[in-house]
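pasted the sequence and its predicted model underneath.
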Amino acid sequence: MTDEERQKQMDFILEHQAKFAVEIEQSNHRLARLERIVMLGLRAGVRERRNVRNIEAKIAALTDAQIKNEDIQRRNSEDIRVLINSQMETKEIAWRNSEDIKMLIASQERNTENINALAETVRLLVERPSGNGKP
């Protein structure tokens, strides 16, 4: 091989080494960029997982609260039914008392009439002249 051929071959090798160096540098930049993108994706995934856990905890708390509210509502409904029944019984008692009061008023009126009749009889007896000269 001649010096010129050797020189061409060395120039060829140097030229290709320079190209490879540039391509390696570009690849390193791309790799570094990909690493940053992957790290951002991982961080986003960790944040998302944390958010999902928080949401799941909130859903569990809401579910517990809903169950408690349903239990309270069930008990309130039962209490309302008891109050309605009690109110109906109270109305029935009030109606019966009203009827009893009407009967007592009628009885009192009859008693008053009887007492007035008795008083009139006594008055007449007292005012009637007796056979012994006393009024």
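In hand now; what should we look at?

what about the helix or strand containing residue 59, distance to the chain center?
Following DSSP states H and E, the helix or strand that holds residue 59 is helix 3-127. Chain-centre distance of helix 3-127: 4 Å, with C-alpha atoms, centre = their mean, to the nearest Å.

per-residue confidence averaged over it?
On average, the pLDDT along helix 3-127 is 95.

what about residue 13, how many residues nearby?
Neighbour count of residue 13, defined by other C-beta atoms under 10 Å: 10. C-beta here means a position set from N, CA and C on the backbone, and glycine is covered the same way.

hmm, I was thinking of residue 93
For residue 93, the neighbour count with other C-beta under 10 Å is 10.

mind checking how far it is from residue 86?
Applying C-beta to C-beta, to the nearest Å, the value for residue 93 to residue 86 is 10 Å.

before we move on, what about residue 32?
In this view, residue 32 and residue 86 are 80 Å apart by C-beta to C-beta.

swap in residue 18?
Note on residue 18: its distance to residue 86, by C-beta to C-beta, is 100 Å.

ok, now residue 29?
In terms of C-beta to C-beta, residue 29 sits 84 Å off from residue 86.

equivalent analysis for residue 20, please.
Distance, residue 20 to residue 86, using C-beta to C-beta: 96 Å.

good, wrapping up.
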